[in-house]
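Trainee: test case, fold it:
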Amino acid sequence: MAAPTAYSLIATDLDGTLLRGDDTLSGRTRAALARVAGAGGRHLVVTGRPAPRVRPLLEQLGGEGLAVCGQGAQLYDAGTGRLLWSVTLDRELAETALGKIEAEVGEVYAAVDQDGVDGLTLIEPGYLMPHPTLPAVRVRRRDDLWTRPISKVLLRHPSLSDDELASVARMTVDSLATVTMSGPGTVELQPYGVTKATGLALAAGHLGLSPSDTIAFGDMPNDIPMFDWAAHGVAMANAHPELRAVANEITLSNEDDGIAVVLERLFPGPGGRGTAGLAVRGAAAAPGPAQ
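Mentor: All right, here's what the predicted structure looks like:
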């Protein structure tokens, strides 16, 4: 059964978007996603987290379908527990890119996400995980980061802001890697040309869907390619200014069930008219009823 709205594919980022700050999903948002499923729509997680860090969340969501992970570098099938597709970042190129960045800004602290459904997140001395709930293994030296294939490198600088570090990295790295900023304290290097949009396009193709079928939700600059690909992009109220500038509309924050507000409008329940009051480019949406 086709979804009775303009959008059959609901693509959502996780951190700062679908999830609250404590990694939970509200009852209201769960109910809104259930409406989508009941109407024949598909929910697709599109996240910077690698597949091993997404698996527990998909289990909580009861998801058995596809998920785009690792900033688009992995397409994970939750039903079979395997990667349908993955691309790795060449480790020599990663080392070269790090050297070029450090030549410009001084020492940075690095971490990597290993490839595979059981890959680890490794962090070198000095690196602090921006998301304390995500597990990581500390290694003794940088060389230990490169022992297995990786999907991306995460960077932090002791004094530069994320925007400053990302800007320098983009100018310095050139075609060695794609530079993204996916959250506070999270500047990343991933395989060149790989973005959330490339992963989303691959997943949509598997589902027989297209950009015109898709509405996307996000909060950070790494979601910009996804917004460019989808027919409609919705930024959270807490979104980075770069994403807000290109969004088709802005909803409430992740803490205030911003995604649910939109989905209740697009997928109204029996006898209901959905939640109204979204804003376009700048103003926050009117709060819906608390649940």
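Trainee: for the stretch 101-250 of the chain, which segments count as strands?
Mentor: Under the criterion DSSP state E, counting those that start in this stretch, strands of the stretch 101-250 of the chain are mapped to 109-114, 121-123, 137-138, 150-156, 178-183, 186-190, 214-218, 232-235, 249-250.
Trainee: in the protein, which helix is the longest?
Mentor: Taking DSSP state H as the criterion, the chain has its longest helix at helix 91-105.
Trainee: the strands of the stretch 101-250 of the chain: lowest mean pLDDT?
Mentor: Among those, strand 178-183 carries the lowest mean pLDDT, a mean of 91.
Trainee: identify the residues contacting it?
Mentor: 15-16, 48, 71, 130-131, 162-163, 166, 169-170, 173, 187-195, 220-222, 240 (Cβ atoms under 8 Å, 6 or more residues apart in numbering). All C-beta atoms are positioned from the backbone trio N, CA, C, and that covers glycine.
Trainee: what subset of these is buried?
Mentor: The neighbour count (16 or more other Cβ atoms under 10 Å) marks 15-16, 48, 71, 130, 162, 166, 169, 173, 187-192, 194-195, 220-222, 240 as buried among those.
Trainee: which SS state does residue 11 fall under?
Mentor: strand (DSSP: H, G, I helix; E, B strand; the rest coil).
Trainee: now it. Nearest residue, chain neighbours left out?
Mentor: The shortest distance from residue 11 to any non-neighbouring residue, by Cβ to Cβ, 6 or more residues apart in numbering, is to residue 216 (4.3 Å).
Trainee: show me what the one you found bridges to in the sheet.
Mentor: Judged by DSSP bridges, the bridge partners of residue 216 are residue 11, residue 233.
Trainee: for it, give me its contacts.
Mentor: For residue 216, the contacting residues are 11-12, 46, 200, 223, 226-227, 229-230, 232-234, by Cβ under 8 Å, 6+ apart.
Trainee: tell me the most packed of the residues you listed, by neighbour count.
Mentor: residue 223 (35 neighbours; other Cβ atoms under 10 Å).
Trainee: can you flag which of the buried ones among the contacts of strand 178-183 belong to helices?
Mentor: Residues of the buried ones among the contacts of strand 178-183 located in helices (DSSP H): 162, 166, 169, 173.
Trainee: pipe the residues you listed into TSV and attach distance to residue 58 and pLDDT per row.
Mentor: Below are these laid out as TSV (distance: Cβ to Cβ, whole Å; pLDDT from 0 to 100):
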residue	distance to residue 58	pLDDT
162	27	94
166	28	95
169	30	96
173	31	95
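Trainee: looking at those residues, which is nearest residue 102?
Mentor: residue 169 (10.5 Å; Cβ to Cβ).
Trainee: for that closest one, which non-adjacent residue is spatially closest?
Mentor: Once flanking residues are discounted, residue 169 sits nearest to residue 179: 4.5 Å by Cβ to Cβ, 6+ apart.
Trainee: quick one, what contacts the most centrally placed residue in the chain?
Mentor: What sits nearest the mean C-alpha location of the chain, by Cα atoms, centre = their mean, is residue 47, with 2.6 Å. Contact partners of residue 47, counting by Cβ under 8 Å, 6+ apart, are 13-15, 54, 67-69.
Trainee: what about it, distance to residue 16?
Mentor: Counting by Cβ to Cβ, to the nearest Å, the gap from residue 47 to residue 16 is 11 Å.
Trainee: same question, residue 25
Mentor: 13 Å.
Trainee: do the same with residue 134
Mentor: Distance, residue 134 to residue 16, using Cβ to Cβ: 14 Å.
Trainee: again with residue 164
Mentor: Distance from residue 164 to residue 16, by Cβ to Cβ: 20 Å.
Trainee: in contact with residue 119, which residues?
Mentor: Going by Cβ under 8 Å, 6+ apart, residue 119 touches 50-52, 113, 148, 150-151.
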